[in-house]
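Q: Have a look at this prediction, sequence included:
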Amino acid sequence: MRKHLKIFSAVLSILLVISLLSGCKKEENAEIVKINLNEVVRSIFYAPMYAAINEGFFEEEGIKIELTTGQGADKTMQQVISGGADIGFCGPEQVIYAYNQGKETVVFAQLTKRDGSFLIGRNKVENFKWESLRGMTIIGGRPGGVPEMTLEYVLKNHGLALGKDVNVITNLAFTATAGAFSTGTGDYVALFEPTGSMLEKENKGYIVSYIGDVSGEIPYTCFFALKSYIDKNPETIQKFTNAMYKGNLWVESHSSKEIAESIIEYFPGSDVDMLATAVDRYKSGDAWSKDLVLGEAALTRLMDVIQSYQADLIPERPPYETVVTTKFAEEAAKQVKK
């Protein structure tokens, strides 16, 4: 009888351990939050985000990222407003436009603080000067998008009048500009990396200037969500921001080659050396916002650029505190140890 009791007790103990382990697993799984994140385009410009995903920083925060690409800032905003994405990643101008359309979206973290475009010409040019573009045709970006507005802002600052001194093509889809240039359209094209490096590798074009360096600091790509989503999910937004802050720190402390090796799966057909060159261009160009904070002066400068491009794009400037919150980025700097 005692033998049977011992066996019974042992079986109960095993079952109890299995039950506890199973319960822990369920509890652990229950803590994982899936976030649908829609990025505006795929670019090396966003290396810290891809590194944060691949280095496991989102997993550390209990988040699983489902990443999709909108192929346009307006499309990314549409995904967020329609509920197709929880968080959007594109230029903060979309949040300003949404405000003027009666939609409440809020930026909670800034990743890039400069334009990510490079000007590519058909020939190598030593000591390139923007004034040399007089009489040339440039393939630009989508009308109303920050890449196009920044390009035109730089051209105007160098005394070049659009349609008179220089022609800018703006009716091509983002994904078609490099191909159009390769087949003979235009004298120059504005492209993100790694597309510029790919053209150089194929001897089809040569980078002559980093537009982000010439235009100066400007809030370029940020993370945002519906105000209602942020209000309902502040802990999730904080964990997301923590993960991105970790990604920024990791990129800052690792070599361009290490970064390229980490994120190469996002760029099929690329090689590590070419990606490392592209990463280094952004690193040396001080493209990334290390603290993730979108300041009021930076947002004001963006609106100045937009209104210098086309005043009626922003009928009303939104109050800074209505479309931006800095508390999550500031808290991330406190919670994440360097």
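A: Noted; the coordinates are in hand.

Q: Give me the residues contacting the strand or helix carrying K156.
A: Using DSSP states H and E, K156 sits in helix 146-157. Residues outside helix 146-157 that contact it (C-beta atoms under 8 Å, 6 or more residues apart in numbering): 73, 91, 93, 115-117, 130, 133, 138, 140-142, 162, 166, 168, 170, 190, 211, 214-215, 218, 220, 302, 305-306, 308-309. Glycine gets a C-beta too; all of them are placed from N, C-alpha and C.

Q: Can you say which of the residues you listed are buried?
A: By neighbour count, with 16 or more other C-beta atoms under 10 Å, these hold 73, 91, 93, 115-117, 130, 133, 138, 140-142, 166, 168, 170, 190, 211, 214-215, 218, 220, 302, 305-306, 309 as buried.

Q: what sits against W130?
A: W130 neighbours (C-beta under 8 Å, 6+ apart): 154-155, 158, 160, 209, 214.

Q: Also L199?
A: Counted by C-beta under 8 Å, 6+ apart, L199 has contacts 120, 178, 181-182, 191, 205-206.

Q: now N123
A: Y206.

Q: Helix, strand or coil: sort out it for me.
A: Secondary structure assignment for N123 (DSSP: H, G, I helix; E, B strand; the rest coil): coil.

Q: hmm, back to that, which ones among the contacts of L199 are found in strands?
A: Among the contacts of L199, the members falling in strands are 120, 191, 206 (criterion: DSSP state E).

Q: Adding pLDDT, neighbour count and distance to T277, write the residues you listed out as JSON lines.
A: Formatted as JSON lines, those follow (pLDDT from 0 to 100; neighbours: other C-beta atoms under 10 Å; distance: C-beta to C-beta, whole Å):
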{"residue": "I120", "pLDDT": "97", "neighbour count": "26", "distance to T277": "14"}
{"residue": "L191", "pLDDT": "94", "neighbour count": "27", "distance to T277": "14"}
{"residue": "Y206", "pLDDT": "96", "neighbour count": "16", "distance to T277": "13"}
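
Q: Walk me through the domains of this structure.
A: Domain ranges of the chain: 33-114+218-335, 118-215, per automatic domain parsing.

Q: May I see the buried residues of the helix holding K156?
A: Under the neighbour-count criterion of 16+ other C-beta under 10 Å, helix 146-157 has 146-155 buried.

Q: Let's have those in TSV, adding pLDDT and distance to A297.
A: Formatted as TSV, the buried residues of helix 146-157 follow (pLDDT from 0 to 100; distance: C-beta to C-beta, whole Å):
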residue	pLDDT	distance to A297
V146	84	17
P147	87	22
E148	90	23
M149	89	18
T150	91	17
L151	94	22
E152	92	22
Y153	90	17
V154	94	20
L155	95	24
